[in-house]
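Student: need a 3D model of the sequence below.
(one chain, ligands or ions: 1)
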Amino acid sequence: MTAPLKPEILITKEEIEKEVARLAQEISRDYQGKHPLLLGILKGSFIFMADLIRLLDIPAEVDFVSLSSYGSARVTSGEIKVVQGLRCPVKGRDVLVIEDIVDTGLTVGYFLDYLKKRKPSSLKLCALFDKPSRRVSVPIDYRGFTIPNRFVVGYGLDYNERFRHLSDLYVVED
Ligand code: IMP
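Tutor: Numbering: from 1, shown residues only. I've put the predicted structure just below:
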């Protein structure tokens, strides 16, 4: 299936680069003297995570989990489960969840609850893109771009597993 891309870019790779550097600076400052566990939500966060950790000036551990929510559709199903769970213990750790995009917040909200039960010493959320118009309720501690309620692709984000490799962020045509 082919989805045409809108010709205009929503956010350029240069803007993304700058914002990731700003977030890395904030995180490095707040976690000074700590050794946080950065937990990325697959698949969308893999590019963001790779860029972010290289700009941190604190030691950090990295792991990924895979949750299902969207399938191949463009709307959240509301059905969320941990597909590939945690490999390292979170008890007593400073855990920072790394998410590419928060839309309704159902996916990451579920995951934060799942982590809370495992008693981390602190738990925060960093999201590069935020679509607040459909939000249920989830606090974002480190927020990159606030974007309109459009379906976006690129910088790790896909539409039916396509377009993850694009360096800029695009809007998919309706
Ligand atoms: P939520 O549960 O509605 O917040 O959806 C979050 C998940 O849906 C993200 O981790 C993405 O995988 C996916 N998602 C939400 N909006 C978009 C989008 O605009 N483009 C690509 N994926 C999206």
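Student: now do the helices in this protein.
Tutor: When secondary structure is read from DSSP state H, the chain shows helices at 13-30, 46-53, 106-116.
Student: of these, flag the one that's most buried.
Tutor: Each of the helices of the chain was given a mean neighbour count from mean count of other CB atoms under 10 Å, and the largest, a mean of 20, is that of helix 46-53. The C-beta positions use only the backbone N, C-alpha and C, and glycine is treated the same way.
Student: does the ligand sit close to that one?
Tutor: No: Helix 46-53 does not reach the ligand (CB under 6 Å from any ligand atom); its nearest approach is 10.9 Å.
Student: pull the CA atoms of that helix into PDB?
Tutor: Taking C-alpha atoms only, helix 46-53 is exported to PDB below (Å, rounded to 0.1, in the frame of the first residue of the first chain):
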ATOM      1  CA  PHE A  46      15.100   3.800  18.200                       C
ATOM      2  CA  ILE A  47      16.400   6.800  16.200                       C
ATOM      3  CA  PHE A  48      15.600   9.300  18.900                       C
ATOM      4  CA  MET A  49      17.300   7.100  21.500                       C
ATOM      5  CA  ALA A  50      20.400   6.700  19.400                       C
ATOM      6  CA  ASP A  51      20.800  10.400  18.900                       C
ATOM      7  CA  LEU A  52      19.900  11.300  22.500                       C
ATOM      8  CA  ILE A  53      22.300   9.000  24.300                       C
END
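Student: just want the angle from that helix to helix 13-30.
Tutor: Between helix 46-53 and helix 13-30, the angle formed by their directions is 50 degrees, by axes from the mean of the first three to the mean of the last three CA atoms, to 10 degrees.
Student: who does helix 46-53 touch, helix- and strand-wise?
Tutor: Based on contacts counted as 3 or more CB pairs under 8 Å, 6 or more residues apart in numbering; DSSP states H and E, the elements that helix 46-53 packs against are helix 13-30, strand 37-42, strand 61-68, strand 94-102.
Student: re the thing from before, could you export the helices of the chain as TSV, including mean pLDDT?
Tutor: Output for the helices of the chain, formatted as TSV (pLDDT from 0 to 100):
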stretch	mean pLDDT
helix 13-30	98
helix 46-53	98
helix 106-116	90
